[in-house]
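**Q** Got a predicted structure here, sequence first:
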Amino acid sequence: MSDKKLTLKKRLHIIKHHFRGKKMAPAFNAFHTFLFTPDETTHSGSHVRAADDLKRTMNTVIMALVPVLLFSMFNAGYQHYSAVNGFPENFSVIEHFLTWDNFWIGIIKVLPLVAVSYIVGLTVEFIFAVIKGHEVEEGYLVTGMLVPLIVPIDTPLWMLAVAVVFGVVIGKEVFGGTGMNILNPALTIRAFLFFAYPTWMSGDKVWVYEAVERAGGPDAISGETILGYLAQNKAAEMSYSVSDMFWGFIPGSVGETPTFLILLGGLFLIFSKIASWRIMLSAVIGSLVMGLIFNGVVDAGWIGETSKFYGLMSFDFWKHLIVGGLAFGIVYMATDPVTGAQTNRGKWFYGFFIGFISVLIRVFNPAYPEGVFLAILLMNVFAPTIDHYVVRGNVNRRMKRLKNATILPEDSEGKEKELQVETA
Amino acid sequence: MSKDIRIKKGLNINLVGAAEQSTSKAVLSNVYAINLDDFHGITPKMLVKQGAEVKAGEPLFFNKNRENMLFVSPVSGELVEINRGARRRILSLKILADKEQSQLAHTPLQVETASKEELKAYMLKGGVWPFIKQRPYDIVANPDATPKAIFVSAYASAPLAANYEYVLQGKEAELQAAITALGKFTPGKVHVSVGAQSNSPLSGVNGVELHKVSGPHPSGLVGTQINKIDPINKGETVWTVTPQDLVIIGELLLTGKFNAERVIALAGSCVKAPKYYTTKIGAEISTFLYSSGVTNENFRVINGDVLTGRKSRPDGHLGFYNNTVSVIPEGDDYDLFGWNKPIFNKISATRALTFSWMQPNKKYDLDTNTNGEHRAFVVTGMYEKVFPMDIYPLQLLKACMVQDLDEMEQLGLYEVAPEDFSLTEFVCVSKQPHQQIIREGLDLLHKEIG
């Protein structure tokens, strides 16, 4: 057969053998396995295997994120033009939201964030894979998509690049790569940005494209988030309706706003059995409980309107779910199987406290009225402890069973024989 | 009082090529082989030299650590080959069968009146002791231990496995003899499990506690049943025997002869006419494989079922414990965008663009492709859905991997055998070798503690 007749499949197969055992093999294999599921067959144990692999699992999460990404591209433009020209009256989704002008802002602002996140993150992954001689793992495919969606739109690209390098190296690779990390890498990146460049990550200017550049000038625009208004007890100045919050036509981190699409994504992940419904449900319950407690405190009159916590405490408890990053965090970040609780019972506690602490931090954090990423990182740290106690429960059950059991002695004759052998 | 076992967690793997219920006599094999891999943890010491003539039922070797445990020849003939590996470890023995078979006959034993010691000596001498396996450690039973109970699963839920109801037909007498004998070894019960709608010959046997089992695989695995009926505690031993081995034990007790004959299922999508064959332990697989015919050039022969069997070849030999030979296509081919395209022709425990959940009764033609690369453990909660025991599978696997003996013990390693992890291995998205991890864990625990 001449070379020309070789199919792509066969050529790649030949190249794969050429790379075998060489330093660059993981890099080639990463591209190869992206195109083709390998020709690997089972060697031990079960001779047949289920259809799913880690790539498919990660890909499912990415599919659940795509609608959110598309929405966020339109919203980037919509928030910008609304801040400049004022919010349109008689808002219509087709006329005012799904326009080319809006989408163009998304292309020039959101897509570069996605590109930088993927290029920088995957480069680090490839370098580590080649140095350490393991295959390039799929974890970053999801992380790379999450990162641009949880940062403010005007985040400088160099800043994002630095944070991604930090997050992938310190958050993941030093522990041994995907599956070994303790903290969610995407949130590690977000936390790095927040603590390293706080002025770029909070305030009322960073959430809308160009707001920072125009600040102080005659054409200055504001892009205060709902939580920002509430934290300053300025709820009256806010013009967003509940439906705006639910559909996501509000300022915020790039992809955190469309609660509806996040809900759909969450349902898709639950239906496809990729993400844990236990974590999602219990986190929702946790946040509602905390919200109700705060509402109760206000109703009881313990907190007056002059208190600086009044705005957020009096915010209807269920609305916490449709503003800020809570929904996004619950669906896409808390459910990370590696950093979350790993036992089914543990997942209930883990999720509950994420919701509970998120709202708690939201209300009491004076500098930055959002606590979801901190709550999830905190619970990432506690997840192994939760699992430990759940597993101990199982162990104790086994110990109890053992206590009640009568252990039969070995056959006396055999025992004697063994003793004889030992003494001899 | 019988306790019925209903399992909800699990997964039925329906494959194409189940054996049709008709039995042919397989062509007589010229060469029979005993594969030492079948006896995990046994160090053999030869009793006969290469070139020696043996009768069927005559001992070939014994267990070095327990000299009275004999392993016998399935046929009469000449020991033509002792195949050794590294450090002269014996890998397999080959016997060229005589045209005229001769049989070593012991005096039959009166099972009803025989004492436990008599039975033990008789079974060890007769070569049927290795059919009894023990937990913990999933090895050939220690004859000196007193098992707290003995378990027999006569319900095969594994994919393409031989139907016990069918292969045990007419073996009531042998089964009864073996059960009566085994009952004398334990102060506890002999638990026998049959399918819920089953009409198994074992349901009529006396001296057992009968359990009706229903639910998806792994409901038929004896480990699942032990866990539901009477779980093993540290320091306890239980014995397990498969029904087809009970038949051989029973026949030895009744007639004094070791009869290696067994009805096996030849199944799998690569077999033209999947059906049952009467053959003997150690027979060459090709003696029945090519009578049924194969549909494909590139196939894998598996000694056992597709989840727990051992890889073999057409010129390989039927294993000591197997009553199923599966033949499925090799999956050594690439699949373009196999990781993201919708999948209709493979089984999956998720719904991530995989559609096997829509047709739970469809029969699939699975090959041996891993469908992805080996990764660290990532996804959680998947194993629990197919693992019905009161054990945390992921945590136990990790304890075995880091060789934490205390954790292994506390998390229940004494209760499991590698086969109990065959389904978690099947659904694992990280393609981790669960059964191997558990096997190595058991060996380590046995070495350090047992």
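**A** Ah, there it is. Numbering: from 1, shown residues only, chains lettered A, B, ... in the order given.

**Q** quick one: the helices in the stretch 1-150 of chain A?
**A** Secondary structure of the stretch 1-150 of chain A (DSSP state H, counting those that start in this stretch): helices located at A:8-19, A:25-35, A:54-85, A:100-132, A:139-149.

**Q** To chain B, which of these lies closest?
**A** Comparing those by their distance to chain B (C-beta to the nearest C-beta), the top pick is helix A:54-85, with 3.7 Å. Any C-beta I mention is one placed from the backbone N, CA and C, and that applies to glycine too.

**Q** hmm, back to that, switch the helices of the stretch 1-150 of chain A over to TSV; also include distance to chain B, mean neighbour count and mean pLDDT.
**A** Formatted as TSV, those follow (distance: least, C-beta to the nearest C-beta, whole Å; neighbours: other C-beta atoms under 10 Å in any protein chain shown; pLDDT from 0 to 100):
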stretch	distance to chain B	mean neighbour count	mean pLDDT
helix A:8-19	5	13	87
helix A:25-35	6	18	88
helix A:54-85	4	22	93
helix A:100-132	12	18	93
helix A:139-149	7	25	93
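
**Q** of these, which approaches A:Gly371 most closely?
**A** helix A:139-149 (17.7 Å; C-beta to C-beta).

**Q** Name the surrounding residues that touch the closest one.
**A** Residues from elsewhere that reach helix A:139-149 (C-beta atoms under 8 Å, 6 or more residues apart in numbering or on different chains): A:55, A:58-59, A:61-62, A:65, A:68-69, A:72, A:110, A:113-114, A:116-118, A:121-122, A:125, A:160, A:163-164, A:167-168, A:172, A:177-179, A:185-186, A:189-190, A:253-256, A:328, A:332-333, A:338, B:378.

**Q** closest point of the stretch 351-450 of chain B to chain A, which residue?
**A** Counting by C-beta to the nearest C-beta, the stretch 351-450 of chain B gets nearest chain A through B:Gly372, at 2.2 Å.

**Q** Would you enumerate the residues in contact with the closest residue to that residue other than its chain neighbours?
**A** Residue nearest to B:Gly372 in three dimensions, not counting chain neighbours: A:Asp53, with 2.2 Å by C-beta to C-beta, 6 or more residues apart in numbering or on different chains. Contacts for A:Asp53 were tallied using C-beta under 8 Å, 6+ apart; they are A:Thr37, B:Trp339, B:Thr370, B:Asn371, B:Gly372, B:Glu373, B:Arg375, B:Val429, B:Lys431.

**Q** So which of these belong to strands?
**A** Counting by DSSP state E, the contacts of A:Asp53 place A:Thr37 in strands.

**Q** among the contacts of A:Asp53, who's most crowded?
**A** B:Val429 (29 neighbours; other C-beta atoms under 10 Å in any protein chain shown).

**Q** quick one: that one and B:Val378 touch, right?
**A** Yes: B:Val429 lies in contact with B:Val378 (C-beta atoms under 8 Å); the separation is 7.0 Å.

**Q** Show me where the stretch 201-350 of chain A has its helices.
**A** Residue ranges of the helices in the stretch 201-350 of chain A, as given by DSSP H, counting those that start in this stretch, are A:211-214, A:226-231, A:242-247, A:259-271, A:277-299, A:310-313, A:326-328, A:344-364.

**Q** Export those to TSV and append columns for mean neighbour count.
**A** Shown next, in TSV, are these (neighbours: other C-beta atoms under 10 Å in any protein chain shown):
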stretch	mean neighbour count
helix A:211-214	19
helix A:226-231	23
helix A:242-247	16
helix A:259-271	20
helix A:277-299	20
helix A:310-313	22
helix A:326-328	28
helix A:344-364	24
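
**Q** closest to B:Asn298 out of the ones you listed?
**A** With C-beta to C-beta as the criterion, B:Asn298 lies closest to helix A:259-271 of those, at 36.6 Å.

**Q** Please enumerate residues in contact with the strand or helix carrying B:Met408?
**A** Per DSSP states H and E: B:Met408 is located in helix B:405-410. Residues from elsewhere that reach helix B:405-410 (C-beta under 8 Å, 6+ apart): A:395, A:398-399, B:234, B:395-396, B:399-400, B:441, B:444-445, B:448-449.

**Q** what's downstream of that helix, the next helix or strand?
**A** On the C-terminal side of helix B:405-410, the closest following helix or strand by DSSP H and E is helix B:422-427.

**Q** and the helices of the stretch 201-350 of chain A as JSON lines, adding mean pLDDT?
**A** Converted to JSON lines, the helices of the stretch 201-350 of chain A look like this (pLDDT from 0 to 100):
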{"stretch": "helix A:211-214", "mean pLDDT": "80"}
{"stretch": "helix A:226-231", "mean pLDDT": "84"}
{"stretch": "helix A:242-247", "mean pLDDT": "91"}
{"stretch": "helix A:259-271", "mean pLDDT": "96"}
{"stretch": "helix A:277-299", "mean pLDDT": "95"}
{"stretch": "helix A:310-313", "mean pLDDT": "86"}
{"stretch": "helix A:326-328", "mean pLDDT": "95"}
{"stretch": "helix A:344-364", "mean pLDDT": "94"}
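
**Q** how about those helices in JSON lines, adding distance to A:Leu6?
**A** Shown next, in JSON lines, are these (distance: least, C-beta to C-beta, whole Å):
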{"stretch": "helix A:211-214", "distance to A:Leu6": "54"}
{"stretch": "helix A:226-231", "distance to A:Leu6": "59"}
{"stretch": "helix A:242-247", "distance to A:Leu6": "52"}
{"stretch": "helix A:259-271", "distance to A:Leu6": "40"}
{"stretch": "helix A:277-299", "distance to A:Leu6": "47"}
{"stretch": "helix A:310-313", "distance to A:Leu6": "65"}
{"stretch": "helix A:326-328", "distance to A:Leu6": "47"}
{"stretch": "helix A:344-364", "distance to A:Leu6": "49"}
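
**Q** In TSV, list those helices along with distance to chain B.
**A** What follows is these, written out as TSV (distance: least, C-beta to the nearest C-beta, whole Å):
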stretch	distance to chain B
helix A:211-214	38
helix A:226-231	32
helix A:242-247	27
helix A:259-271	6
helix A:277-299	8
helix A:310-313	34
helix A:326-328	21
helix A:344-364	6
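
**Q** And the residue of chain A closest to chain B?
**A** Chain A approaches chain B most closely through A:Asp53 (2.2 Å), counting by C-beta to the nearest C-beta.
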